[in-house]
Structure formats: C-alpha cells, structure tokens
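J.: I'd like to go over a predicted model; first the sequence, then the structure.
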Amino acid sequence: METARKPLSPQRKLKILEVDIATIPDRCRGCELCIELCPKDVLDYDPKLNVHGVHPPHVVNEEACVGCGLCEEICPDLAIFLRRKEEDKC
Amino acid sequence: MIQETHPLEKFTRKGMIPHIWCAGCGDGVILSEFLRALDELKMNLDKVVVVSGIGCIGRISGYVNLDGFHTTHGRAIAFAVGLKATRPDLKVVVISGDGDLFAIGGNHFIHAARRNIDMTVICSNNFNYGMTGGQSGPTTILQDRTTTTPYGNIEHPFNLVHLAAASGAVYVARWTTMHVRRIRESIKKALTKKGFTFIEIISPCPEQYGRRNRMPGPMDQFNWLREKSVVQHFTDPLKAEVGLDKIVVGEFVDIDKPEYTDLLRRQMMSIQERLDQEGKLTNAPI
Amino acid sequence: MLRRDVLGGEYFTQGDIACAEGAIAAGCRFFAGYPITPATEVAEHMARRLPEVGGVYLQMEDEIGSVAAIIGASYGGVKSMTATSGPGFSLMQENIGLAVMTEAPIVIVDVMRGGPSTGQPTKGGQQDVMQAKWGSHGDYEIVALAPSSVQETFDLTVRAFNLAERYRIPVFVMIDELIGHMRERLIIPSPNELEIVDRKKPSTPPDQYSPFQPDEDLVPPMAVFGEGFRFYATGLTHDETGHPQTDSAEEQAKLVRRLCDKIRRNKKAIIQVKRRFLDDANVCLIAYGSVARSAIAAVTRARQRGIKAGFLGLTTVWPFPEREIEAIADRVDRIVVAEMNYGQIVREVERRFDYRRITFAPKLGEDPHTPEELLTHLAREEK
C-alpha cells in the first residue's frame, strides 16, 4: 500500500545532501559552538592546537553527518563549511 | 568539483579576514548570515552599501566586499539617510551595535524610522559596549554587571522592538544568533521591503558581557539563547520582552506606508511640472 | 540657454539667499541642515529651490546628523552643503573631522552671531573664526572664506564648492550676520561665465583602485558608491587601500602629513586677499568680513587726510595668508587688526609681525566698527 507521507522513523538512513566537512583550522578561535551544537555529534576537538592555541574541530563521525549545515552557519569565524560531493539524492 | 575555499570567501574583502572578533562573538554569525542573504537574493552587489558605526560590529563594513563607510560613533544612520536621499538607486544597509544605534545614535534612529526612509538597520545587541571593554549600555539587563555597573545595573533597558515599532518602522523583527536561518530570511525580507526596516539580533559577547554575567563561555550564552527564546510572531511589541527567563523573538511589525524617497520624487516631479507649465525658471522669491 | 540652476540676472537680495543661489549655481544638489538664526534663510531658500533643480532638501534632527548626511551624499557623488551658526557649528565639529579624514568634499556655511553659547542670535560677531580651523580634534587643514558683501557671498560660495571638490576637504564660508541678513545688489552671471570644478575621478578600473592613493598633488581621485568600486572609507587611521591601520606609527604620520600638506603646499592657489593702498603704506589695517567694508572706507578717508594707511583684507581666512603678511611686514611701521571678537585672527598676525607694533581693535556686539572708529586707530601715533 502506498503511504501519502514519509515515515517518521525511516528504516533506512535519510541523507539530505552528500557532503563532507572542510575546516580552516587556523581561523578557528575555539568557540566550540559547532562541536556542541551538531545534532549528530559528528565533530570533536582536534588534539592538535592551531595558531590561536585552541583545539579546532575535526570530523570524528562522518557517517552520522546529515548535511544540515548548522556548523557552517553558526561558525562566527568562517572556519568550517560543507563541501558538496554530488547532487543530493533525497 | 571539490571547493577548497569557504563559500562566502568571495563576499569578503581580501586581506581583512580573519576578523578581530572574539571566540563565539555573535557578530561573526551576523556577518555570515548577512552574506548568505545577499547571495540568495542575487542582488546587484555593486549597488549595496554597508554603513556601520563604532563598536565591534562596526568593523563589518571593512570585512564585506561592498561599498562601505565606517562613521563616527552614532552617526551611521545619519550618513545613510544623506546617502539614500540623494542616491535612491542604492540599497543602503546600516549594521551597528546597541550603543551606537540607541545611545549616542538614538536620535538619528527614531527620526529615520519616522521618515520611513528606505533602508535596513541591523542591530547587534550584545547588552554592553564590547569594544571599549564591557561598559553598560541602553540595553543592559537590570541587575547585570558591567565595568560601569560594578554593583549591578539599576537602569531599565530599552525594548528595541517596541522603540522601532513606535518610531514608525515598517518591518521589525528580533532574532538571536541561534536562529541562523531565521536571521537570513528576515534579512532577505527586510532588504526587499520598501521602507525603514529593523532587525534586532541578540548577539553573545562572551569576553565582556558573558564573562561578568554568569555566562563565561560562548556555549553558555548560546545555551541561554537556545533555551529561553520563544518565537511569538506579531506579539504586541510592548510585550516582546528580553530577559534572563524569556526572550521573545519573531517578526513583530510588517506593514506598508508611503516611503520617503518615493514621496520626495513625486513632489519634485510635480514642482518641476508646474514650473514647465507656467514657463518659469523658479517660483522662489530671490 | 536659460537654466533653472543658474538664474543669470540682477537681483536685490540678502546674503543668505545669495549664498544659497551660489551653492546651486556651483552644482550643489543636497542640503541637510537645522534651522538656526541667522542662517535659517539659507535653509528656507534651499528648501524652495532644490526641488526645482532636481536636488534634495533634508531637514535633519540636529546639526550633528546634518554633517553626517552631507558626507553621505558626497560619497554618493552629490555636491552637498549645510548652513548653521555658532551653536550648531560647535555640534558639527566631530563630523568635520570625519570629513577631513575621509576626504569628503563638503561646504559648511557659518553665519556668525554673538557668542559664546546661545549668545545673541540676531546680532553679529566674528567669534567663530578660530573654531573653523581648530574646532575638531586632531591635526588638520581646511579652507575658510569670509565674504564682505552679498555679491561676494555668492562668488565665494561658488569658490567654496570648487575648492572642496579640488582638494577633497570641508570648506567653510564664514558669513557675518550683517552680510547674511542685509540686502544688496547681486549679479548672478550666466552659466558660461561660471567656473565649476568637479572632483577628480579614478582613472584606474575598480579592481585596481585604491581609494586613498594620492596623485602628485596629494589629492586622491574619488570614486563614488554604486559604481562597482566596492571601496571602503573609515574615520580610523588608514592606508592607501582604506584599511584601518590602528597600530602603525608610520601610517599615522604619513596620513596626517598628507592631509595637512595637500593644503599647505597649495596655499598660493587657495589664498585670496584684498589690497588697498599698500605700496607706500606706513600703517596697515587688516580686517575681514563685514569689517572689511568699514576698513576700506577708513583707509580711503585716511589717505584723504594724508595718512599713509593701507588695507589688507583677508578674503581667505584659512589657510592664514602668512606670506601676504610677511610681504608687508618689512614695509609698514604698524599693523591695526580690527575684528568683531576679543582676539582671534590678531594672534595669527602676531606670529608674523612684532606684537608691540600691533594695535588690536576689537568690537563686540551687533555691528562692525564704523569707518570713523577705525580711522582713530589709523591716525593715532602717525609718524
């Protein structure tokens, strides 16, 4: 039977965009917003310090990323952004 | 194709990024969302002028790759009024802070709103004067500590949304820097709407304000914004409060009324037509 | 061809109106101001005339906003002006500094009245002349012109716009209240008799343009907003690209020197004076504005009585005509400085001439000195 709506709890993983996350580590000032606000816990602190003496973000859980873009939008330093891999398959 | 540079790089002035703002400063978010709004609107960027005043947010006119002017303290709107009145073809955006726009610049704000002159004013409200080290301002919350209210602020703050609405702005909105996409949509709406449009953006200042008021880290202030803000569109502006327990955000005014440069142009045309009809060079007594 | 902006012809009108007509004839298409006695008539006349010529009159909420607005219009490519008197002039000072720093061509008219503070709004004075040069903070140079008649008010207002455009500075027209309100004959020339100067435009394409890169004459060409130059101007100390340079001592020195030198090096082209009977004078009378009228009458009568008096009129008050003073300093025994204040321009003269041989003739309140009053100063100690 065809359903009119999309399921709330899909069996398969829904991906909005095929993206990977790029960072510009030396721009990051360590506000931690991207790491804390990511809804999928994709990011964590890079053990390596940058020129500002803070731990910039790095991707630890790439599979979990749904490409919501919050990290890119909330970053005050233009230090993290999404890179589109190909056209979205939604 | 893999992009190596940040998608907003093309909108920033070469050599000016990285900016001078602190870690977690809301101004950085405002910069990004403003640029994204411009990108999405596909405006002719040669015709956009950013005017800013003195303060941390005032540096923004140097960071965006647009015509820009950094005025004396409080006079961004007055400059913008002179520019817009003589060059109605330009899209004039004033981006400044709570002190610049509402303390020293308060008079210019209310009169520009009263005239309903076509421009967009974006206020980065961080509840203090950050650039000079964290002094109190007209939006500092009651009992907050700043360097000039070391015993707690005893002055009631302005309700900026109410002030803007009462002065005659045709579009008034308030968001926090948590509401990234809503900020962008509001900026797009304000830029395309004719008349005096105002957006207040509650903006964290971890280094000066947050540190002295129980919110030392960027996340602390963002958590406050996230947990305590509530979207209540078209609430009576008088009741749209900003406080520790509740931050009312949303769009509060969206009306239409005759705009200054339109009225000016119409009046000018009728004056000149009359002179043509009467065959005179002037009707003024010399 | 008859034009609405240059109303060639003969008129009988007041100084304030002559000033407004001079502005419009020079190409001024924006006036932002606030009413203040005795300059209100300038605003009122501009309110009537600007729409007729396609310009904009904007009554700002205060004088501070007025200067900010005219700087805005100037950056939009429009010649702009404001008019005020003492109290408003004081309010304008901070933004005058902004105009200097961002090299915005603007004209500010000060119809001077008795001060300090609210003073005597309807009576004259020349108490603002030092303020024109030193009123704002920081080191800077400006041009201030002092007309002595209604006709000269028209002519000097046109010149003020030309100088502002040429050197990218604020230029001040310091009109005595008497001249502003009196009525005299005014001849407005026909358009082809007027010399109009426009600001230098950039010769480089937008991507190579540096907004504060000066030419040989120390004046940078000025782009306007909205033409793709995407340039940025700030009141902060900046380099040629316009970027703030708040940490560099060299940049501060370089910028301040250039902003001053662009006037200091061009004094000869800027300064104008009036001379009467100076070739063989023993005593020189120095005056400006409305006092110059009495001064000319005084030296004429003095000559009739055999007194070898001469007159030097400062049509340009700033930059101060030092060379012109120096030129007579060796030849005259005495200098009499007459002004409607308690000692302003006389201090500049004292820098160039032995102060013991200077007679200072102040006049406070209402009217300029009469020729007879000045004559007594000239006649005294005549050798």
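T.: Now that the structure is in, tell me what you want to look at. Residues are numbered from 1 along each chain as shown, chains lettered A, B, ... in the order given.
J.: going forward, measure contacts between C-alpha atoms and count neighbours the same way
T.: OK.
J.: secondary structure class for the residue nearest to the spatial centre of chain B?
T.: Ranked by distance to the mean C-alpha position of chain B (Cα atoms, centre = their mean), the top residue is residue B:122 at 1.3 Å. Judged by DSSP: H, G, I helix; E, B strand; the rest coil, the three-state class of residue B:122 is strand.
J.: wait, doesn't residue A:69 sit right on residue A:82?
T.: Yes: under the criterion of Cα atoms under 8 Å, residue A:69 is in contact with residue A:82, at a separation of 6.7 Å.
J.: And the two? Which one has more around it.
T.: Taking neighbours as other Cα atoms under 10 Å in any protein chain shown, residue A:69 and residue A:82 compare with residue A:82 leading, 22 against 17.
J.: which residue packs closest to the more buried one, ignoring adjacent ones?
T.: residue A:21 (4.7 Å; Cα to Cα, 6 or more residues apart in numbering or on different chains).
J.: Make sure that neighbour is indeed in a strand.
T.: Yes: according to three-state DSSP, residue A:21 belongs to a strand.
J.: Verify the stated contact: it with residue A:83.
T.: Yes: the pair residue A:21 and residue A:83 qualifies as a contact (Cα under 8 Å) at a distance of 6.0 Å.
J.: ranges for the helices of chain C?
T.: Along chain C, the segments classed as helices by DSSP state H run C:15-26, C:40-52, C:63-75, C:86-101, C:129-134, C:150-167, C:177-181, C:249-264, C:267-270, C:290-304, C:322-329, C:345-350, C:371-379.
J.: okay, and for the chain, where does confidence drop off?
T.: No chain specified, so I'll use chain A. A:1-17, A:86-90 (pLDDT under 70).
J.: My question was about chain C, not that one.
T.: Applying pLDDT under 70 to the predicted model, the residue ranges of chain C that meet it are C:1, C:381-383.
J.: Recalculate using a threshold of 90.
T.: Where chain C drops to pLDDT under 90, the residues are C:1-3, C:365-366, C:379-383.
J.: show me what contacts the residue of chain A found nearest chain C?
T.: Of all residues in chain A, the one sitting closest to chain C is residue A:77 (19.5 Å; Cα to the nearest Cα). If you count contacts by Cα atoms under 8 Å, 6 or more residues apart in numbering or on different chains, residue A:77 has them with A:27, A:28, A:29, B:18, B:19, B:28, B:29.
J.: Next, work out how far apart the fifth one and residue C:233 are.
T.: Residue B:19 sits at a distance of 17 Å from residue C:233 (criterion: Cα to Cα, to the nearest Å).
J.: same question, residue A:58
T.: 38 Å.
J.: So if I had to pick from those two, which one is more boxed in?
T.: In this view residue A:58 and residue C:233 are compared by other Cα under 10 Å, and residue C:233 has more residues nearby, 25 against 20.
J.: which residue sits closest to the more buried one, ignoring its sequence neighbours?
T.: residue B:69 is the one closest to residue C:233 (Cα to Cα, 6+ apart), at 4.9 Å.
J.: swap in residue B:107?
T.: Leaving out its chain neighbours, the residue that sits closest to residue B:107 by Cα to Cα, 6+ apart is residue C:61, at 7.3 Å.
J.: ok, the one you found - contacts?
T.: Residue C:61 is in contact with B:107, B:108, B:111, C:34, counting by Cα under 8 Å, 6+ apart.
J.: what do you get for residue C:244?
T.: Under the criterion of Cα under 8 Å, 6+ apart, the neighbours of residue C:244 are C:234, C:236, C:237, C:238.
J.: Could I get the contacting residues of the first one?
T.: Right, residue C:234. Under the contact definition (Cα under 8 Å, 6+ apart), the residues listed for residue C:234 are B:69, B:70, B:71, C:101, C:102, C:242, C:243, C:244.
J.: didn't the second one look like it was pressed against residue C:238?
T.: No: assessed by Cα under 8 Å, residue B:70 is found out of contact with residue C:238, at 11.5 Å.
J.: so where do the strands sit in the chain?
T.: Using chain A. With DSSP state E applied, chain A shows strands at A:19-23, A:43-45, A:57-59, A:80-84, listed in chain order.
J.: that's the wrong chain, I wanted chain B
T.: With DSSP E, the ranges of strands along chain B come out as B:48-52, B:67-70, B:91-97, B:119-125, B:171-176, B:196-202, B:229-231, B:247-254.
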